[in-house]
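**Student:** following is a predicted model, sequence given first.
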Amino acid sequence: MPWPTWQQSGIAAIVCAIALVALRRRSDLRWQPIAVRAATELALICGLYSIWRMARKLPWHQSENAIGRAYDIVDLQNAFWLPAELSLQQFVLRWDWLSQLTSLYYAGLHVPTLLAFLVWLFWRHLDHFSRWRNALAIVTGFSLLIRFIRVAPPRFLTELGYIDLPAEYGLSVYGPVGTGVSPQFAAMPSIHVAWAAIVSFGVVAASTHRWRWLALSHVMLTMLVVAATGHHWWLDGIVAIVLLAIALAIDSLGRALLAKFSAQATPDVVSAAQIPR
């Protein structure tokens, strides 16, 4: 199923904004506060998604040396003694069921899992929602900027033995270069890993359940899957997780500054109220 276009998501954002205005006028409704919050978040997320889809069409990218940059990553990873993604792909290829499961995980799980996480967070842990929504927006924005400098994924280095594993089972989300739901030469960083890290770390941070640590398996499995399918280098995932850490730090800094400004403004308001009239 194709992803929503920027026009469709833009229309959805406008509809949510109109609903928000209408809901704000219905203060008599018992569920009005939560409906206003839901409409606000949906309008924001749809708007950000529309901007993301539009930005991908901008002609700023540098595709000329995408293959060369991929070889540079291979050399860098070898310098740090990281295992070759090819060895993991060859291991998965030993079993047909594992190859198909890995391909299905890559092609169909990262977006539904992220959406389910956001719904769960909004419904069960609303006090945590804005932090992880901000982290999602910031890390996706960082990823978009970096991906304008194109890097070929392992599957384009067929001379090294890599293959496009999902394509072997008719599960590839990519067609010829320049088509599909994502740019072909946009391996760095891995959006799959970035979003999986948001889900995993977000569940651990928000939940108090003793089994919450199992959520970390999602980002770990995603790291393995994107490498085994031939779609990302180890470094793509590592950079994505570093970007998430930076995004969370930016969110914390923003909240601290906002709290500081609010604290400075409050005494002024109190003092003004105490002035005799």
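**Tutor:** Alright, I've got the coordinates.

**Student:** distance of Phe142 from Ala39?
**Tutor:** 27 Å (C-beta to C-beta, to the nearest Å). Quick note: C-beta positions are derived from backbone N, CA and C, even for glycine.

**Student:** what's around Trp234, how many residues?
**Tutor:** 21 (other C-beta atoms under 10 Å).

**Student:** apologies, that question was intended for Ala256.
**Tutor:** A count of nearby residues for Ala256, using other C-beta under 10 Å, gives 10.

**Student:** show the contacting residues for Arg26.
**Tutor:** Gln32 (C-beta atoms under 8 Å, 6 or more residues apart in numbering).

**Student:** for it, what are phi and psi?
**Tutor:** Main-chain torsions, Arg26, degrees, to the nearest 10: phi -110, psi 60.

**Student:** if I look at it, how far off is Trp95?
**Tutor:** Taken as C-beta to C-beta, the span from Arg26 to Trp95 is 57 Å.

**Student:** kindly state the pLDDT recorded for Ala186?
**Tutor:** Per-residue confidence (pLDDT) for Ala186: 82.

**Student:** can you check Gly178 too?
**Tutor:** For Gly178, pLDDT reads 41.

**Student:** Gly47 now?
**Tutor:** Note for Gly47: predicted pLDDT of 85.

**Student:** check Ala84 too.
**Tutor:** 90.

**Student:** so which strand or helix has the spatially most central residue of the chain?
**Tutor:** In the chain, the centroid-proximal residue (C-alpha atoms, centre = their mean) is Trp195; its distance is 3.4 Å. Using DSSP states H and E, Trp195 sits within helix 191-206.

**Student:** and that helix, what other elements does it pack with?
**Tutor:** Helices and strands touching helix 191-206, by 3 or more C-beta pairs under 8 Å, 6 or more residues apart in numbering; DSSP states H and E, are helix 110-124, helix 126-146, helix 216-228, helix 234-274.

**Student:** run the angle between the shortest one and helix 191-206 for me.
**Tutor:** Between the axes of helix 216-228 and helix 191-206, defined by axes from the mean of the first three to the mean of the last three C-alpha atoms, to 10 degrees, the angle is 170 degrees.

**Student:** what is helix 216-228 packed up against?
**Tutor:** Using 3+ C-beta pairs under 8 Å, 6+ apart: helix 216-228 touches helix 85-92, helix 96-108, helix 191-206, helix 234-274.

**Student:** now distance to Leu114 too, for those, in a markdown table please.
**Tutor:** Listed next are these as a markdown table, based on distance: least, C-beta to C-beta, whole Å:
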| stretch | distance to Leu114 |
| --- | --- |
| helix 85-92 | 24 |
| helix 96-108 | 12 |
| helix 191-206 | 5 |
| helix 234-274 | 13 |
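
**Student:** buried deepest among the ones you listed, which one?
**Tutor:** helix 191-206 (a mean of 24; mean count of other C-beta atoms under 10 Å).

**Student:** outline the domain layout of the chain.
**Tutor:** 1-55, 63-274 (automatic domain parsing).

**Student:** picking that back up, out of the helices and strands packed on helix 191-206, which comes closest to Val74?
**Tutor:** Nearest of these to Val74, taken as C-beta to C-beta: helix 234-274 at 9.5 Å.

**Student:** got the angle for the closest one vs helix 216-228?
**Tutor:** Relative orientation of helix 234-274 versus helix 216-228 (the same axes, to 10 degrees): 140 degrees.

**Student:** distance check, Arg150 against Leu82.
**Tutor:** 22 Å.

**Student:** with neighbour numbers in mind, choose between these two.
**Tutor:** Arg150 (20 against 15).
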